[in-house]
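Engineer: what would the 3D arrangement of this be:
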Amino acid sequence: MDTHEIMVNLVKFYYGFGCYTNDNVAYFVRCNSINATDYKTITGQDYPVSQTV
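Structural biologist: Just a heads-up that it's a prediction; the model follows:
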């Protein structure tokens, strides 16, 4: 299991428990810890274009 996969699993876990919001998940995309596809998998929504830096 690589670092990316670990991050996706951690973010998904905390999102599922309500600890993270969509904005929190978007932060991980902006930090390149996960990608926009992962964002959609976790939140069920497309990554907002306005979130890009």
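Engineer: buried residues in stretch 14-33, which are they?
Structural biologist: Buried residues in stretch 14-33, counted by 16 or more other C-beta atoms under 10 Å: 15, 20, 22, 25-26, 28-29, 33. Backbone N, C-alpha and C define where each C-beta goes, glycine included.
Engineer: tally of neighbours for residue 11?
Structural biologist: 24 (other C-beta atoms under 10 Å).
Engineer: give me the contact list for stretch 2-10.
Structural biologist: 28, 33-34, 38, 41-42 (C-beta atoms under 8 Å, 6 or more residues apart in numbering).
Engineer: from those, which two are the most distant?
Structural biologist: Across the contacts of stretch 2-10, the longest distance by C-beta to C-beta is 13.9 Å; it joins 33 and 41.
Engineer: right, and the helix or strand after the lengthiest helix in the chain?
Structural biologist: In the chain, with assignment by DSSP state H, the single longest helix is helix 3-16. Using DSSP states H and E, the helix or strand that follows helix 3-16 in sequence is helix 22-30.
Engineer: check which helices and strands that next one is in contact with.
Structural biologist: On a contact count with 3 or more C-beta pairs under 8 Å, 6 or more residues apart in numbering; DSSP states H and E, helix 22-30 meets helix 3-16, helix 36-43.
Engineer: distance between it and the chain's centre?
Structural biologist: Centroid displacement of helix 22-30 relative to its chain, using C-alpha atoms, centre = their mean, to the nearest Å, is 5 Å.
Engineer: what does that helix rub up against?
Structural biologist: By C-beta under 8 Å, 6+ apart, helix 22-30 touches 7, 11, 15, 34-36, 38-39, 42-43, 45, 47-48, 51-53.
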